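Novice: just the structure for this:
(one chain, ligands or ions: 3)
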Amino acid sequence: MELVLLGTAAGGGFPQWNCWCPICRVARADPIRAHPRTQSSAAISSDGRRWFLLNASPDVHRQLTRLSGVVPEGIRHVPVEGIVPTDAELDHTLGVALLREARQLQLYATGAVLEVLAEDSRILPVTEAFAKVAVTELPLESPVQLHYRDGSPAGITLIAFQVRGDPPRFARRERPGHTVGLLIEGDKGGRVAFVPGCGELDAPLLARLANADLLLFDGTFWTDDELVRLGISDRTARQMDHMPISGPDGSLAALRRLPCRHRVYTHINNSNPMLLEDSPERIEVEAAGLVVGDDGMRWSL
Ligand code: MLT
Ligand code: MN
Ligand code: ZN
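Specialist: Ligands and ions are numbered 1, 2, ... in the order given. Below you'll find the predicted structure:
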């Protein structure tokens, strides 16, 4: 199984268009010291040709150029077989509508996410006006095989599991499964845990993540009060259902003990100081054996 990190920034990207925080300033002035990043998404494939998107970001067109490598024979070529969103937030789903020219798409999502896409953001009916979208509802805690658009099995099985997270602010109802993590397994081996948004990391979740060869985890904020201190929000990281990385109760203290071969932070907010290549925060993450995710990183599992 192949996994490509298409985008490693949280909503807004890095630098964010309207942000002049100290970290965004460096990304503009000195992109060697702080690599610009597109919004949160990854792609998986069992054959390196046909891909499934784990979240579809507003930057999806630019991101798909990372999947080329095969020169298509026809005039039109769609490298995406399906999309698997982990929540219905705009950074993870606006890209669904942006792929409308595909004419044929697949969406694998929980009932809660599907309801928001159908009724609140209306991204699903908007996309369906242009493309045939085959929808598969992902039950919680039960394995689902991915299929290619022609109906043949894709050699990848996934399990969606609930993690702590509020529904998007435009959702009118709250139901279980608004925010999920994914455990993904290739028929020929390779186990990935994909958890780009997570408000709580308890012992059962840690035990589950420990089985992954590649763990991709919520790296949104370094400290709980990061945005409050910058004066750009009155909500803490935890109130926004993102575990902060630092501190005794942060994700790094827990993830550093996991045996996974690769442990990688993704969905990184532009205010997070670990984005600076030479920061003490970056050194701390790497000393713990973790990786700060960057666009274009790939693994063969
Ligand atoms: C989040 O990750 O908390 C959401 O995507 C929020 C947002 O970008 O609006
Ligand atoms: Mn987000
Ligand atoms: Zn910023």
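
Novice: can you pull out the helices in the chain?
Specialist: Here the chain has its helices, by DSSP state H, at 22-29, 60-64, 90-98, 111-115, 123-128, 203-209, 226-230, 251-255, 280-287.

Novice: indicate which one of those is closest to ligand 3.
Specialist: In terms of Cβ to the ion, the element of those nearest to ligand 3 is helix 22-29, at 3.3 Å. Backbone N, C-alpha and C define where each C-beta goes, glycine included.

Novice: about what we covered before: any chance of the helices of the chain in CSV, with mean pLDDT and mean neighbour count too?
Specialist: CSV is the format used below for these (pLDDT from 0 to 100; neighbours: other Cβ atoms under 10 Å):
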stretch, mean pLDDT, mean neighbour count
helix 22-29, 98, 17
helix 60-64, 98, 18
helix 90-98, 98, 23
helix 111-115, 98, 22
helix 123-128, 98, 18
helix 203-209, 97, 14
helix 226-230, 96, 16
helix 251-255, 98, 21
helix 280-287, 98, 15
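
Novice: ok, which of the ones you listed comes nearest ligand 2?
Specialist: Between the helices of the chain, helix 90-98 lies closest to ligand 2; by Cβ to the ion that is 4.3 Å.

Novice: hang on, the earlier thing: as JSON lines, the helices of the chain with distance to Ile184 would be great.
Specialist: Shown next, in JSON lines, are the helices of the chain (distance: least, Cβ to Cβ, whole Å):
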{"stretch": "helix 22-29", "distance to Ile184": "30"}
{"stretch": "helix 60-64", "distance to Ile184": "19"}
{"stretch": "helix 90-98", "distance to Ile184": "16"}
{"stretch": "helix 111-115", "distance to Ile184": "17"}
{"stretch": "helix 123-128", "distance to Ile184": "23"}
{"stretch": "helix 203-209", "distance to Ile184": "12"}
{"stretch": "helix 226-230", "distance to Ile184": "30"}
{"stretch": "helix 251-255", "distance to Ile184": "18"}
{"stretch": "helix 280-287", "distance to Ile184": "23"}
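
Novice: tabulate those helices (TSV), appending distance to ligand 3.
Specialist: TSV is the format used below for the helices of the chain (distance: least, Cβ to the ion, whole Å):
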stretch	distance to ligand 3
helix 22-29	3
helix 60-64	20
helix 90-98	15
helix 111-115	28
helix 123-128	26
helix 203-209	29
helix 226-230	8
helix 251-255	21
helix 280-287	15
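
Novice: which one, of those, ends up nearest to ligand 1?
Specialist: Ligand 1 lies closest to helix 90-98 among the helices of the chain, at 4.5 Å (Cβ to the nearest ligand atom).

Novice: now do that closest one: which elements does it pack against?
Specialist: Contacting helix 90-98 under the criterion 3 or more Cβ pairs under 8 Å, 6 or more residues apart in numbering; DSSP states H and E are the following elements: helix 60-64, helix 123-128.
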